[in-house]
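Novice: coordinates only, sequence not included:
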């Protein structure tokens, strides 16, 4: 009897220890997104299982089951497009092919511009991107002298137009020319930059870095240092640079460690933040407001038409307010990563736009006036890198090129220009202007009877497709042929600079619709009976399994 009671007591004691831990684990699981994007370990395992295979020429033109007559129409359209590329982009294509042999970045972007099953065939026939020789206004010029309306936004750095940044670089360089590239000591204008950034951010201190990735790294290190907690929280699909802790899934050779990837705009995620004791900070990238819990919408993953995007400012503002409240209540550092959207949504950035204050903010991209930069702004108590009571306990962060005089000079000019009345005028009615332009383009696309629409977060746009199909990724090549420059991610992200006039946008809209019409004319958007996004994914899964087992070789 005594032995039974002892065993019962032991079991009860173990249960009391294990049950809270099991509950926390279940709460964490519920807060993750159900897709692979929300499960880093599983995504990496699945990625390792996917075999390489490619379509032969016949399969390339009929991977959706198109009949031979339609496949031939596609062949003819593709051949005409390839001939146009050879004629119009010859010099640009030649240098790109030569440079790709020694520049690994070009090898990567070239291979992952479209889904891998089509990639080699496309690279053989549609060449002519990657090199430019000039920019002016909203135009860029390639090596063959072709002008394109720029929709790349230089990865988001180009907010006000390239002429604006050329001025920042030239004027900034002149201001620091006497000191030159002296490193270690500061040029006096650094103090002015810090003063202006404090005013913009509403925070106490500033540290300078050489990239947005570095700035986020430092913000997270400081949050961990001061809270003495281990984990950061990022939200599903959000990008915060390419270092390990913020890219825990595919693309990172290491397994996820001290990172929780949670579902954005979810009550379950707020519960995790309120109940766990190991969360040092929460990272928020406001760009995700356009496509919460979805990864960067590159065309390399555009295997069907399931891409979705919609910006709800009211709902996202409410989410940020709830997040702010939970973080404040539980001593978690809220870090607003404005590396991409900073100064694009409002002169005071996303804080001003959404009306939510952060504990720390990271800036980059456009703030350098056209030169590389990263900045952390934070409260006094969070920015300190040492402890007075323990002098050997420090949080080290330095960099050879931090506060480089030429970068600081261009930044000063940028910050001064930001206060000019003509620049401030660009922000007047910003949402109304860009929402109206998106609505107008959607109206034209509907009238043209093409299965394409756009969604936008101010001047950041993405293209969505309204009919199931396997060839949507081809639109980027038709757009290029019409004189629209896109980044290597294709139609997933179009970034306009704010200096686009009504006439400039009219030209873009006409070219965009013309490209979509040409693609429809060549038969790529086939209304196949029974073709659904689910059916497309099932077909691809069968192909993957077949090649994995060796039957497709």
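Specialist: Cool, the structure landed. Note that the structure is predicted; figures quoted are calculated from it, not measured. Numbers count the residues shown, from 1 in each chain.
Novice: where's residue 414, which helix or strand?
Specialist: Secondary structure here is read from DSSP states H and E; on that basis residue 414 sits in helix 405-417.
Novice: and that helix, how far out from the chain middle?
Specialist: Averaged C-alpha coordinates place helix 405-417 at 25 Å from its chain's average position (CA atoms, centre = their mean, to the nearest Å).
Novice: buried sites along the next helix-or-strand element following it?
Specialist: Tracing the chain C-terminally past helix 405-417 and defining elements by DSSP H and E, one meets helix 421-425 next. Counting neighbours by 16 or more other CB atoms under 10 Å, one finds that the buried residues in helix 421-425 are residue 423. Where C-beta positions appear, they are placed from N, C-alpha and C, glycine not excepted.
Novice: for helix 421-425, give me every contacting residue.
Specialist: With contact meaning CB atoms under 8 Å, 6 or more residues apart in numbering, helix 421-425 is reached by 160, 347, 417, 418.
Novice: looking at those, which one is closest to residue 89?
Specialist: residue 160 (28.5 Å; CB to CB).
Novice: tell me how many other residues surround that closest one.
Specialist: For residue 160, the count of nearby residues is 21 (other CB atoms under 10 Å).
Novice: wait, what's in contact with it?
Specialist: Remark: with contacts taken as CB under 8 Å, 6+ apart, residue 160 is in contact with 366, 417, 423, 426, 497, 498, 499.
Novice: got it, and residue 369?
Specialist: With contacts taken as CB under 8 Å, 6+ apart, residue 369 has the following neighbours: 165, 168, 169, 172, 407, 409, 410, 411, 412, 413, 414.
Novice: isn't the second one up against residue 408?
Specialist: No: at 11.5 Å, residue 168 and residue 408 do not qualify as touching, with contact defined as CB atoms under 8 Å.
Novice: more neighbours: which of these two?
Specialist: Comparing residue 168 with residue 408 by other CB under 10 Å, the one with more neighbours is residue 408, at 28 against 25.
Novice: is it true that that one touches residue 189?
Specialist: Yes: A contact is recorded between residue 408 and residue 189 when judged using CB under 8 Å, the distance being 5.8 Å.
Novice: what touches both of these two?
Specialist: residue 176.
Novice: check whether residue 148 sits in a helix, strand or coil.
Specialist: In three-state terms, and counting by DSSP: H, G, I helix; E, B strand; the rest coil, residue 148 is strand.
Novice: for it, give the beta-bridge partners.
Specialist: Note on residue 148: beta-bridge partners by DSSP bridges are residue 140.
Novice: what sits against it?
Specialist: By CB under 8 Å, 6+ apart, the contact set of residue 148 is 139, 140, 141, 142, 480, 483, 484, 485.
Novice: just residue 349 next, same as before
Specialist: 200, 201, 336, 338, 341, 342, 343, 361, 363.
Novice: likewise residue 244?
Specialist: Residue 244 makes contact with 252, 254, 257 under the criterion CB under 8 Å, 6+ apart.
Novice: now do 7 Å
Specialist: Remark: with contacts taken as CB atoms under 7 Å, 6 or more residues apart in numbering, residue 244 is in contact with 252, 254.
Novice: would you mind measuring from it to residue 454?
Specialist: When CB to CB, to the nearest Å is applied, the distance between residue 244 and residue 454 equals 34 Å.
Novice: equivalent analysis for residue 133, please.
Specialist: Residue 133 sits 29 Å away from residue 454, taking CB to CB as the criterion.
Novice: any idea of the mean pLDDT for the helix holding residue 414?
Specialist: Averaged over helix 405-417, pLDDT sits at 98.
Novice: what helices or strands is it leaning on?
Specialist: With contacts defined as 3 or more CB pairs under 7 Å, 6 or more residues apart in numbering; DSSP states H and E, helix 405-417 has these neighbours: helix 162-176, helix 189-201.
Novice: after the shortest one, next one along is what?
Specialist: Using DSSP H and E, the helix or strand that directly follows helix 189-201 along the chain is strand 205-209.
Novice: specify the angle between the next helix or strand after that following strand and strand 205-209 in degrees.
Specialist: Heading C-terminal from strand 205-209, the first helix or strand you meet, by DSSP H and E, is helix 212-227. Interaxial angle, helix 212-227 versus strand 205-209 (axes from the mean of the first three to the mean of the last three CA atoms, to 10 degrees): 140 degrees.
Novice: pull out the buried residues from helix 212-227.
Specialist: For helix 212-227, the buried set under the neighbour-count rule, 16+ other CB under 10 Å, comprises 212-227.
Novice: output the contacting helices and strands for that helix.
Specialist: In terms of contacts (3+ CB pairs under 7 Å, 6+ apart), helix 212-227 is packed against strand 205-209, strand 279-284, strand 333-337, strand 360-364, strand 374-378, helix 380-383.
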